[in-house]
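Peer 1: this one's structure only:
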């Protein structure tokens, strides 16, 4: 029973279907009929005009979005445990041409308006220091926690006051919406750009970058091409995204994953490092306990020496999750 | 009847099959069983040890390959009509951190040892000029011409003498091998790295970068991740490549495309801008002639005011190609 | 008798004096009294509000100026014999993060509105090609020719129509003003930023970047620091520039150099490759003729196999120049 | 009485003299007689073969040195209060093309082999994380502390074991040598490259980059040109450096500064934040106390809310320093 990550889960059958339906020839790059539907599809989802581009990975989505906001001499406030800071092998440094990540604190890998303000307050030496130009937050966070509406509003207010762009890494945005049981627009709050994750949620290799200011998208189009991310058969990426949006498949998939995570977390009691809000469960476990679980057939990731991470995906069977929950409760 | 480009052709049924077979969960990124078979598959194809990485686009393949050879202060000799120079929106400048393309001449978008030497001879002013560090050639060239063994050998000798890396953009490598009716190793000649094209030849969104010096591949792995090109479900890219290699499907596909191109070119007579060697046909046609063809249902690309380009793909029907050939012959 | 280049000529006595006067401690970087006078000094010189920054080299001045106009995915139209293209070891690629130089033609290393338009007309393939974002011209050109008012106006009109930034490399701007016998404002014409050369004209290691749109200067300040070009004792650079501006020393120096160049050119007759307008003289000379001149004690640069370049500086003695002119006339 | 910084102190009379002596024309760039003496001068100073390049600023020196050691996808371990991390406006990100600084801890802005090892131990996730490729340490540190021989040896051992380059920011290297009362070679220890500071120590605008592996210097030459740091009248920079080396003027200047700092620190008692080893004195002072000092005519920098920084330079009068020491002791 696989709880290693949602990032290598199978592709959903309806996504496969949509890809097959796209097999007939069409215009290359993003000139095909499907790619041209993305703007409208996301405008409808978020209830406001937006522009949307596909790209193959979350790293590319995050970096292309930030590239529309940050000059090479600028900085991006992020959580010190954010994926952009810890897991992208310097991709922001590459896409942003040496711009600097400015790590901030916050419980559960969530930034707060206060923790961001602390970083900004440390920028006092004019041209000797990198000026902050954007903030990036992760919804749900790297620890599976979700930003509430008032938290987003406070961060948005700060960004606007200081003239900073605001980006959301939504690799698990569906899980956040499911957790919050709110509209997509509410879960995105005041952000300027959103990396709308699909790969972890039933897709194969397509993420969407959503620009709530459609003007920004044009810069991202140049940068996408320049980064080798403009695929010639882009229709297959668009097809994946549209299939997930259709009839809210993305939300159903995310709900299934969250339900499974709750079933796991239910058995972990006060071993939980964080409350289970989305589809990730962090549990304090010693070496012997992990070994015991693995011998029962559970596969998972060692987060650090004292913590294991269990991730549920759209296809995690609820009975497997419950079995894991029971196993945890009887350790 | 579509002769616009091979870059948006459908995906071959056997590639689809292989992708479906890869749907079950496996390790993320390139830790899966399929990705781990690539080195061996290409070593076997080329009859020598090599390392191979998947990436989503030819632009990324070219640039990641060159990034293992060229420092940010270096230069790359390329044909002035090479794809890297004219069609990648500055991607080499991005991936190589400002390294400079050094355009050279040559009939039919093919470089020669002589034309490369002319460029090298112009680099005389020490640190005031960018030093050449690599050469990139395209097999088959942007005009559908193929490099012969002795041409490759002469370029390889020059590269070795001058200590330059040698890269081959093989977006249509299959078509070149089919045209030359030789082994893959002979068509690659003395190159250090090869972008082995799959997308134009029956794949969906996977190209292979082949490193004949496997050490180089490690740098490309870092750069691939950093460029947002390390997909988490990389097994689907590996599956495409392996399916094309199996039973030489890549070669069969390329032969079919070349056959169709010959059928087109056969009707073009002395309107041909270049001999038809691979799967592209460049034909001198005035505006009225193009209009006439389009009214007969032929779709194609206006290369410039005086030239039309027709491209055959793996799925081009020979009867359609013949029909086009006839239409050309009766203009 | 040295006619190799003006770029290593001695420092003018009044520049030395000004540097000594600046020796007393003052605020570091550009917070000192002298640096703070630059904006006003150049505003007065050009008769309009502008902002001015010192930097140590012409390469840095050109690149920092362009960095305020060109995105990493953009392009800069320049002459194919422009210093930025041929002699800066890829510095524009570095400062502009991989942006591409787009070489254009033109007699005597001068661009024309027409030759620029040819390059722009070739940019037709949308995101597959680098979009032009700026034009850079050299006044006086690399062949010592000057742009006339109507030539500048035509280029300026084109830039404005196409929304392109316009930069002038004025490494020999003083020589151009002296040649044109016009105001500095007329010689700069409609440019947005000007690299105002001082090093070749009596300075030691200070050039000025003049921003006719003062807003742009702020970006250049960040970039200057980030490029390691913000010197802590910047007052010595400001002192050099102000000394040259005082009582139009810059113009007197340039006139002296131009006069000497004319004296050289007067003897060259129809061996001249270009008319002598500023302080450079290009003369067709075969190997034996060069040898003969060198034996008479004249030092100069071999431009190519058939051409020698003679450069006069602010300190070139008119009798030496005349001697060279006579020597040329008697070859 | 000025204790703000040593970075804007006057230029030493012997440096002025040397610059004047260099005024006669010579070859441009670094082809002049003085620049060509640098390798030998530093080889003699350090008792081993080395190559040395001038550059205008410490930021450029640090970054050019690191650029010979670190790939764009690499990382550099530095102290979290190091100048490269806090005060260079992202210059390392620019010169190293997005390579990442990896901040480490350590008392008094000094790294230890242990604190570096902690950072290295956190790099466990393969290509998902930036690999460390170099370490940079500052001698004397940003808090005026010096590395002892055994401390350097331990760091050098670690660097060698892990295959990391080792760079020393010696903006105040002279002060460190004076403090340690050792040979320059001992104060540099096992480093591969050294930014040998001159500007803060009597120079105007020249720093030396010393390469103990002379091969590395060639890469730095390209990078220096490309960064706009190759001045055409480089002889004036070489002259400054050679003047400081002659008869150990650099050491005499540094000793004078250290003596003055000791005189200041002697009055500060247990208000001292760090022992006074080189030429910087950090003193705990509240707002009222600072105000009192300023009213007595002492100028200095507010390090943070609770700390003032006093810096002595080569020209600080010992009686001024003693007066400040007395003022501190009577607060």
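Peer 2: Received the coordinates, thanks. These numbers were taken from a predicted model, which means no experiment stands behind them. Residues are numbered from 1 along each chain as shown, chains lettered A, B, ... in the order given.
Peer 1: got a list of what residue A:325 touches?
Peer 2: For residue A:325, the contacting residues are A:263, A:264, A:265, A:266, A:267, A:268, by C-beta atoms under 8 Å, 6 or more residues apart in numbering or on different chains. Yep, even glycine has a C-beta here, placed from its N, CA and C like the rest.
Peer 1: tell me the buried residues within those.
Peer 2: Neighbour counting by 16 or more other C-beta atoms under 10 Å in any protein chain shown classes A:263, A:264, A:265, A:266, A:267, A:268 among these as buried.
Peer 1: could those residues be laid out in TSV, adding pLDDT and secondary structure?
Peer 2: Output for those, formatted as TSV (pLDDT from 0 to 100; DSSP: H, G, I helix; E, B strand; the rest coil):
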residue	pLDDT	secondary structure
A:263	97	helix
A:264	98	helix
A:265	97	helix
A:266	95	helix
A:267	95	coil
A:268	95	coil
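Peer 1: could you redo those residues as CSV and give each row distance to chain B?
Peer 2: Output for these, formatted as CSV (distance: C-beta to the nearest C-beta, whole Å):
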residue, distance to chain B
A:263, 19
A:264, 17
A:265, 21
A:266, 24
A:267, 23
A:268, 23
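Peer 1: taking those residues together, which two end up most distant?
Peer 2: Greatest spacing in the buried ones among the contacts of residue A:325, by C-beta to C-beta: A:263 and A:268 (10.5 Å).
Peer 1: how close does the closest residue to residue A:312 other than its chain neighbours sit to residue A:169?
Peer 2: Excluding the flanking residues, the one nearest residue A:312 by C-beta to C-beta, 6 or more residues apart in numbering or on different chains is residue A:260, at 3.6 Å. For residue A:260, the distance to residue A:169 equals 22 Å [C-beta to C-beta, to the nearest Å].
Peer 1: just residue A:163 next, same as before
Peer 2: From residue A:163 to residue A:169 the distance is 21 Å (C-beta to C-beta).
Peer 1: repeat that for residue A:207.
Peer 2: Counting by C-beta to C-beta, the separation of residue A:207 from residue A:169 is 10 Å.
Peer 1: what residues do these two have in common as contacts?
Peer 2: In contact with both residue A:207 and residue A:169: A:58, A:195, using C-beta under 8 Å, 6+ apart.
Peer 1: what residue ranges in chain A score low on pLDDT?
Peer 2: For chain A, no stretch is flagged by pLDDT under 70.
Peer 1: does residue A:262 lie in a helix or a strand, and which?
Peer 2: helix A:249-266 (DSSP states H and E).
Peer 1: next, count neighbours for the closest residue in space to residue A:23 that isn't next to it in sequence.
Peer 2: What sits nearest to residue A:23 in space, not counting adjacent residues and going by C-beta to C-beta, 6+ apart, is residue B:10, at 4.7 Å. When neighbours are defined as other C-beta atoms under 10 Å in any protein chain shown, residue B:10 has 18 of them.
Peer 1: quick one, phi psi at the residue lying closest to residue A:145 once chain neighbours are set aside?
Peer 2: Here the nearest residue to residue A:145 in space, its sequence neighbours aside, is residue A:108; by C-beta to C-beta, 6+ apart that works out to 4.2 Å. Dihedral angles of residue A:108 (phi, psi; degrees, to the nearest 10) stand at phi 70, psi 30.
Peer 1: close to chain D: what parts of chain A are there?
Peer 2: A:72-73, A:75, A:86-90, A:92-94, A:96-100, A:125, A:127-130 (C-beta under 8 Å from any C-beta of the partner chain).
Peer 1: any quick ChimeraX command for the buried ones out of those?
Peer 2: Only the buried entries of the residues of chain A next to chain D go into this ChimeraX selection, using 16+ other C-beta under 10 Å:
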select /A:72,73,75,86,87,88,89,90,92,93,94,96,97,98,99,100,127,128,129,130
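Peer 1: out of the residues of chain A next to chain D, which are close to chain C?
Peer 2: By C-beta under 8 Å from any C-beta, the members of the residues of chain A next to chain D lying near chain C are A:72, A:73, A:97, A:98, A:127, A:128.
Peer 1: next step: these restricted to strands.
Peer 2: Under the assignment DSSP state E, these contribute nothing to strands.
Peer 1: show the residue spans covered by the helices in the stretch 101-250 of chain A.
Peer 2: Counting by DSSP state H, counting those that start in this stretch, one finds helices in the stretch 101-250 of chain A at the ranges A:113-121, A:149-162, A:173-180, A:184-188, A:214-226, A:235-245, A:249-266.
Peer 1: which secondary structure elements does the fourth one contact?
Peer 2: What that stands for is helix A:184-188. helix A:38-46, helix A:173-180 (3 or more C-beta pairs under 8 Å, 6 or more residues apart in numbering or on different chains; DSSP states H and E).
Peer 1: tell me which residues are up against that helix.
Peer 2: A:45-48, A:139, A:146-147, A:149, A:152, A:168, A:170, A:173, A:176-177, A:180, A:194, A:210, A:212.
Peer 1: run a quick neighbour tally on residue A:47.
Peer 2: Using other C-beta under 10 Å, residue A:47 is surrounded by 10 other residues.
Peer 1: and what of the one 3 residues further on?
Peer 2: A count of neighbours around residue A:50, defined by other C-beta under 10 Å, yields 24.
Peer 1: and it, what does it touch?
Peer 2: Contacts of residue A:50 (C-beta under 8 Å, 6+ apart): A:39, A:42, A:43, A:210, A:211, A:212, A:214.
Peer 1: filter the residues you listed to the buried ones?
Peer 2: For these, a burial check counting by 16+ other C-beta under 10 Å picks out A:39, A:42, A:43, A:210, A:211, A:212.
Peer 1: is it true that the first one touches residue A:52?
Peer 2: Yes - the criterion here is C-beta atoms under 8 Å, and residue A:39 meets it with residue A:52 at 5.7 Å.
Peer 1: surely residue A:155 meets residue A:115?
Peer 2: No - Residue A:155 is not in contact with residue A:115 according to C-beta under 8 Å; the separation is 9.7 Å.
Peer 1: which one of these two is surrounded by more residues?
Peer 2: A side-by-side neighbour count of residue A:155 and residue A:115, using other C-beta under 10 Å, places residue A:155 first with 28 against 18.
Peer 1: with adjacent residues omitted, what lies nearest to that one?
Peer 2: residue A:113 (5.2 Å).
Peer 1: next one: residue A:273
Peer 2: Closest to residue A:273 by C-beta to C-beta, 6+ apart is residue A:282, at 3.9 Å.
Peer 1: and the helix holding residue A:262, which residues are buried?
Peer 2: Across helix A:249-266, burial judged by 16+ other C-beta under 10 Å covers A:249-258, A:260-266.
Peer 1: could you point out which element follows that helix?
Peer 2: strand A:280-284.
Peer 1: contacts for that following strand?
Peer 2: Against strand A:280-284 from outside (C-beta under 8 Å, 6+ apart): A:140, A:143-144, A:172, A:261, A:264-265, A:268, A:271-274, A:303, A:306-312, A:328.
Peer 1: how many residues are close by the residue lying closest to residue A:136 once chain neighbours are set aside?
Peer 2: Once flanking residues are discounted, residue A:136 sits nearest to residue A:167: 4.4 Å by C-beta to C-beta, 6+ apart. Residue A:167 has 29 neighbours, counted by other C-beta under 10 Å.
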